[in-house]
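J.: Just to be clear, the model below is a prediction. Sequence and coordinates:
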Amino acid sequence: MLAAGTESLLRQAREVGAVELGRFCARISALLQAEDWGPDTLDALRRLFLIVAATKYSRRLEPTCVALLQTTLCSPRCPERLQLLCAAVLREMAPSNSLSLSCDHAQSSRQLGLVASVLLAQGDPQQVRTVGQCVVKVLESRQSEGPSLTHLLPVVSKVASLAPDALPEEQTKALSKRLGDWLRYASVQQGAAHASGGFFSTPRARQPGPVTEMDGSVATDFFTVLSTGQRFTEDQRLNVQAFSMLRAWLLQGGPERLGATDADDRSELEGSTVSVLSAASTASHLLPPAEWLREKALEYCQRLLEQSGRRALRKADSDLQKACLVEAVLVLDVLCRQDPSFLYRALPSLRALRTRLCGDPACARVLLPVAQFFLHHGEAAAVDADAVCQHLFTRIPSEHFHSPMLGFEFVQFCRDHLLLFGSNLDLLRTSFPNLFKFLAWSSPALTSEFVALLPALVDAGTAVEMLHLLLDLPSLTAALELQLRSLQAASERPLWDASVRAPGCLEALRDPQAQGLFQHLLRAKASGTVERLTPLHQLLQPLASCARVLQCAQAVPTLLRAFFAAVTQVSPPPRASVPTAEGQPELRGQSAAHSSRGRAPVPPECGCEQPPGQHTQRGPAHGCLWPGTQAVSPSQFADGALASQLALLLLERSDSLFPVEGYEADVHRVLSSQFPGLCRLHPPLVVERAKELLEFVGSLGGPRSTGHMLTSVVWAIGEYLSVSWDRRCTAEQINRFFEALEALLFEVTQSRPSATLPKCPPQVITVLMTTLTKLASRSQDLIPRVSLLLSKMRTLAQSPAVGPVHGEDDLGAVRTRATELLNLLKMPSVAQFVLTPSMEVSQPRYHRDCNTALPLALDMVSRLLEREAGLLPG
Amino acid sequence: MVHAFLIHTLRAAKAEEGLCRVLYSCFFGAENSPNDPQPHGAERDRLLRKEQILAVARQVESMFQLQQQACGRHAVDLQPQSSDDPVALHEAPCGVFRLAPGDPFQEPRIVVWLGVLSIGFALVLDTHENLLLVESTLRLLARLLLDHLRLLVPGGANLLLRADLVEGILTRFLPHGQLLFLNDQFVQGLEKEFSAAWSH
């Protein structure tokens, strides 16, 4: 309906050729020249606008036509709608070089507003400056209040936002003074009806009544945006505009700019004690303009706080009350930051507001600016922000997770105030299960927000629990769906996906056994414990096809990457700016060691970043000796114990994920790429977790169809199961791993290809062969065994009909690898050197300096391989 | 401060035919590029602005589609029930997302959008606006535009040829991109003025 007509109109407009457009412009020029303000002109200008706007390429209009559009824009007689169209066409052409418009051409302030809109659209900083100066001059020259000013104030506001220094200082001061006046002294009588002179109108104009409050009662004090009436006077309109631009104006004025100019004007009366005591009336007319404005702004905001408590008669007004509350609190925050002496006057009303809001679920969004206020000023006012933060983090997300706007504001609030949270940072960090509810519900809009927030959110105490919850995020979405279904009346327009029926789920929710798990999943704070949620996965299965759950599942890989980036970075930049979490409550047993042991951990990352000469103090010999008790310094929380815990978690969780379509494969891809990273961070974990790794490797047949996890685990074993990484590594241990992997290789290669069993990816086979060779090079008794195995593999790979691997490329890869490894094993000492390089190899010096052994060795090995490659069959 | 306002088409699902079309767009003062050493030609600047608007429109559309899917609403719901039905604006889905700096605007921006049947309305804003005010302003603009253009009614005017109306509404309710705190009576007053100016 809409689409068909729209498409064809747009196409027509785009297809208008230059000749046709020229003729059309000539017609418009004739109409404008003749000052024909009739329907023909209106229609023609509308079409012209469409022709210009419909294409992203510039349209060349006849110069006479452009000139006439500008003349018409400033003509005193032309009706408004035509002028709006002229301005719109000129703006659509912007930026344009053919413009000769200037502010001086405007005949009235309304026209000046239109001209300004065209000029500001040009994007030229000089133009912005000129417009600003011109408009401020007009504002200044007309002392009388009138309709003129309402058209110009928004221009000033726009100019100030585009180029803060565009407005001359004197005029800025004068305008600040007048803004203060408009805020505080607008008339409290309603506007008079226009003398329409209609047939039934009484000759005597009715006396307009006083303005009223939102609840209908007569206004008790001065006019604000929350005062209402049948009609509004011009000064009341200015009042509305002044308040609307107030916060930005105060911020642009800023303490440094206004403060500097104030210094000259500051009367001797002023001092913090005086302004604390001075009520509204005390000599305030003597104040310099910026202080005058702040004074009036304070009174205005306090009045708004009072007015917003009244019960509005109209729905739209009660929404406005909330918006005004937010703005008033934000303005008060700015005022108190610019002049701390305001604090004592603002504080009582804000305390009262906090109490009022905490009990009103409809005002959740207003709580954020209130919390911001207390975070900014709590210290100065000797009131801490704990209470409001506590309420915010524990109650709001669990009650309002389904509001996308609140979710966004909440996360933005957290991001903006990381530096201010202080002792509340721990509260924020332990509240991540609650915060994740927003994420689980509105993942498309919030994923990037959380990626930015995660580095600040994660710490050593909560990392394990957070990773579990991230992996469980789709189940959390499903649980929240279920929770909403159980709470909300079905008659309302449902927030959940009503197309997916889940009849059994709601009953399951009441099942006492499942209830505990639900409560754990929907917890508000980090519990320090981990529950196996597998029984819930079955219960929630019907909801796994919900679009919301799918969307969340698609967001998880990105979040996991952000999580690991934050955990494995030694000191991520965002955390570096956050106050270190000293004295935070210890959440789990392992952190008990934090305080008692002061030894800093050895940073086990790649040696290239270390300056030469320092590498001796790190390396395998210095790894931790007692698993799980290694000391941690607070800023480097991804220590050995944690890395080891996380690695184990990856193994455990790889086969217990909520069964959402495509979820497991996506998660495996991320987890498998992170596993080697964790091992690199803490190589001894392979020795420490030998039992679990052996179990993992031994339990083939799980859902590791893609082989991603298996590949990276096997690779890590080959890389880090070595005495050079951990002295506790014994030959017996190497033998045990060798046997397990040998059995695994046998299993994957001997199984017959079948439809039910997934094909084994060639990467798994090659990594298994390589790892076995690596192990053999470290325990040389194994070399004959592995040589036999490798030649068997080579033979196997030459007969394509058997074995689980298909495809000539795959077979070729297996064959090549087997041959290479066999050749390498012919010289055991070279094999050991290549397959288990010493720590020094990662030093740049080792590669640059021809006298070191590595280039020589590489040269020899490559020659050896080349010679053998020539003997390769096929 | 609002940087831009746009109206565009919304398709219920990606698979649906056609493209995301911008029906109306307006920048309130253009974004300057102070650290740009070479000023581009006027044509390229204009092209860039148009592409920026289209990028926002597309992103709004996909956010809208994801939200609709998540709520289990499908294409059928996007048709007006009957020509006389007032569109339930308070139920219209809305949302907010952030645009990272450089994509597509130099500065970071926030987009607040509202989807009414097959039309999307969006405001591009500074990062620290009062979002409650933004949301109510956007709903007000959408309501006024739908009322005065009878946009969604068969036989109603085509937005593409009523730019004067959109401009008239914006100059009063969002002058130069300034968000206004307007109470209900105030809105009615401005609306009356607007109707009077447009009736002759």
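T.: That came in fine, so what should we check first? These numbers come from a predicted model, not from an experiment.
J.: top helix in the chain by residue count?
T.: Picking chain A for this. Of all segments of type helix in chain A, defined using DSSP state H, the longest is helix A:315-338.
J.: actually chain B
T.: Scanning chain B for the helix with the most residues, using DSSP H, yields helix B:42-70.
J.: Mind giving me the packing neighbours of that one?
T.: Helix B:42-70 is packed against helix A:443-457, helix A:547-568, strand B:2-9, strand B:22-27, strand B:94-99, strand B:109-116, strand B:119-125, with contacts defined by 3 or more CB pairs under 8 Å, 6 or more residues apart in numbering or on different chains; DSSP states H and E. Heads up, the C-betas are built off the backbone N, CA and C, glycines and all.
J.: Now do the buried residues in it.
T.: By neighbour count, and taking 16 or more other CB atoms under 10 Å in any protein chain shown as the criterion, the buried residues in helix B:42-70 are B:42, B:45-50, B:52-54, B:56-57, B:59-61, B:63-70.
J.: what does stretch A:334-348 give?
T.: If you call a residue buried by 16+ other CB under 10 Å, then stretch A:334-348 has these buried ones: A:334-339, A:341-343, A:345-347.
J.: give the contact list for the most centrally placed residue in chain B.
T.: Here the mean C-alpha position of chain B is nearest to the C-alpha of B:Phe121 (CA atoms, centre = their mean), at a distance of 2.5 Å. For B:Phe121, the contact set (CB atoms under 8 Å, 6 or more residues apart in numbering or on different chains) comprises B:5-7, B:113-115, B:138, B:141-142, B:145.
J.: Name the nearest residue to B:Phe28, ignoring sequence neighbours.
T.: Computed as CB to CB, 6 or more residues apart in numbering or on different chains, the closest residue to B:Phe28 that is not its neighbour in sequence is B:Gly177, at 3.0 Å.
J.: Where does the prediction get shaky in the stretch 601-750 of chain A?
T.: Within the stretch 601-750 of chain A, the stretches falling below the threshold (pLDDT under 70) are A:601-638, A:700-706.
J.: What residues does the stretch 301-450 of chain A have near chain B?
T.: A:314, A:316-317, A:319-320, A:322-324, A:326-327, A:330, A:365-366, A:404-405, A:408-409, A:412, A:442, A:444-445, A:448-449 (CB under 8 Å from any CB of the partner chain).
J.: Weed out the non-buried ones from the residues you listed.
T.: Buried positions within these, assessed by neighbour count (16+ other CB under 10 Å), are A:316-317, A:319-320, A:322-324, A:326-327, A:330, A:365-366, A:404-405, A:408-409, A:412, A:442, A:444-445, A:448-449.
J.: how close does A:Leu332 sit to chain B?
T.: Using CB to the nearest CB, to the nearest Å, one obtains 14 Å as the distance from A:Leu332 to chain B.
J.: so what's that residue scoring on pLDDT?
T.: Here the pLDDT value assigned to A:Leu332 is 96.
J.: Low-confidence ranges, chain B, go.
T.: Within chain B, the stretches falling below the threshold (pLDDT under 70) are B:14-16, B:31-40, B:74-87, B:151-157, B:200.
J.: What's the separation between the spatially closest residue to B:Ala57 that is not a sequence neighbour and A:Phe410?
T.: Excluding its sequence neighbours, the residue lying closest to B:Ala57 (CB to CB, 6+ apart) is B:His8, at 4.0 Å. Taking CB to CB, to the nearest Å as the measure, B:His8 falls 28 Å from A:Phe410.
J.: neighbour-wise, which of these two wins?
T.: Shown here are B:His8 and A:Phe410; by other CB atoms under 10 Å in any protein chain shown, A:Phe410 has more neighbours (26 against 23).
J.: Enumerate every residue touching the more buried one.
T.: Neighbour list for A:Phe410: A:368, A:392, A:396-397, A:435, A:438 [criterion: CB under 8 Å, 6+ apart].
J.: at 10 Å what do you get?
T.: The contact partners of A:Phe410, by CB atoms under 10 Å, 6 or more residues apart in numbering or on different chains, come to A:364-365, A:367-368, A:392-393, A:396-397, A:400-401, A:403, A:434-435, A:438, A:446, A:449.
J.: With B:Gln67 instead?
T.: Taking CB under 10 Å, 6+ apart as the criterion, B:Gln67 is in contact with A:404, A:442, A:444-445, A:547-548, A:551, B:73, B:93-95, B:113, B:115.
J.: again, only this time at 7 Å
T.: Residues counted as contacts of B:Gln67 (CB atoms under 7 Å, 6 or more residues apart in numbering or on different chains) are B:93, B:95.
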